[in-house]
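here's my sequence, what's the structure:
(one chain, ligands or ions: 1)
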Amino acid sequence: MPYYPSPIEKLIESFTRLPGIGRKTAERFVFYLLKQPKQELQNFSQNIFNLQANTSLCPDCFNFSEGNGLCSICRDPKRNKNQICVVEKIHDLNMLESTREFNGLYHILGGKLDPIEGIVPEKLKIRQLEERIEKNNIEEIILAINPDIQGEGTILYLRKTLQPFNLKVTLLARGLPMGSDIEYADEATLSRALKGRTEL
Ligand SMILES: [Zn+2]
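As a prediction, this is how the structure comes out:
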């Protein structure tokens, strides 16, 4: 392995921690950065610093939030506060947002139930969802969960858990092929899935 001065070596090591980045690619990144103007490098490091300092999770929906309070969606007075769309991860929220089809709020579960992998209900934000329903006037919960085996299990569990609240629980229409991921669906398909959602 070639030897580089410590600042270079350390940054190479940091890059190799990123998903899918091997040592060779990490070296290319660092050599590229070394050729950039000072100001550019300063901006780059400031952005990384801000990522940690100025980003948090929204205490209501667990989306990313700038600063410490609610996220921009929960803060938006124009959003319909009576609808909550439940998704597995923040990326799914962004995919659904890009359709501009949904104007309610979101709730990020943080995954799907998977007892074999130790993902039990307590590991997901299910209790927090119940609390939101208890405290607010929620009329509809839309389950936008990928319909694979774990997804089906999660949907069944949520259906049972939400039953006592006596509200409308809907499921995205099966425009999405079985086992496919919201993450990779195109906007038109997602938009159709939202429009054609069915009551559970
Ligand atoms: Zn939020």
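
going forward, measure contacts between C-alpha atoms and count neighbours the same way
Will do.

so who does the most centrally placed residue in the chain touch?
In the chain, the residue lying closest to the centroid (CA atoms, centre = their mean) is Ile90, at 1.1 Å. Listed by CA atoms under 8 Å, 6 or more residues apart in numbering, the contact set of Ile90 reads 63-64, 108.

tell me the confidence at it?
Ile90 is assigned a predicted lDDT (pLDDT) of 95.

who's in contact with the longest helix seen in the chain?
The residue-count maximum for a helix in the chain (DSSP state H) belongs to helix 38-53. Helix 38-53 is contacted from outside by Leu33, using CA under 8 Å, 6+ apart.

list the buried residues for that helix?
By 16 or more other CA atoms under 10 Å, helix 38-53 has no buried positions at all.

what about the residue nearest to the centre of the chain, distance to the ion?
11 Å (CA to the ion, to the nearest Å).

one step back: okay, the contacts of Ile90 in TSV with pLDDT and neighbour count next?
Below are those laid out as TSV (pLDDT from 0 to 100; neighbours: other CA atoms under 10 Å):
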residue	pLDDT	neighbour count
Asn63	97	25
Phe64	95	18
Ile108	98	24
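
so which bits of the host helix or strand of Ile133 are buried?
Assessed by DSSP states H and E, Ile133 sits inside helix 126-135. Neighbour-count burial for helix 126-135 flags 126, 128-129, 132-133 (criterion: 16+ other CA under 10 Å).

could you check how many residues crowd around Leu200?
12 (other CA atoms under 10 Å).

circling back: dump the helix holding Ile133 to CSV, restricted to CA.
Provided in CSV are the C-alpha atoms of helix 126-135 (Å, rounded to 0.1, in the frame of the first residue of the first chain):
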residue,chain,number,x,y,z
ILE,A,126,-44.9,2.9,15.8
ARG,A,127,-45.6,4.0,19.4
GLN,A,128,-44.8,7.6,18.2
LEU,A,129,-47.3,7.2,15.4
GLU,A,130,-50.0,6.2,17.9
GLU,A,131,-49.2,9.2,20.0
ARG,A,132,-49.5,11.5,17.0
ILE,A,133,-52.9,10.0,16.3
GLU,A,134,-54.0,10.4,19.9
LYS,A,135,-52.9,14.0,20.1
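
which helices and strands sit right next to the next helix or strand after that helix?
Toward the C-terminus, helix 126-135 is succeeded by strand 140-144 as the next helix or strand (DSSP H and E). Counting contacts by 3 or more CA pairs under 8 Å, 6 or more residues apart in numbering; DSSP states H and E, strand 140-144 packs against strand 83-87, strand 168-171.

pick the most buried one from those strands.
Burial of these is given as mean neighbour count (mean count of other CA atoms under 10 Å); strand 83-87 ranks first at a mean of 23.

now the strands for the chain?
Here the chain has its strands, by DSSP state E, at 55-57, 64-66, 83-87, 105-108, 140-144, 168-171, 198-199.

so which of these gets nearest Cys74?
With CA to CA, the closest approach to Cys74 among the strands of the chain belongs to strand 105-108: 6.5 Å.

adjacent strands (with direction) for the closest one?
strand 83-87 (parallel) (DSSP bridges).

perfect, that will be all.
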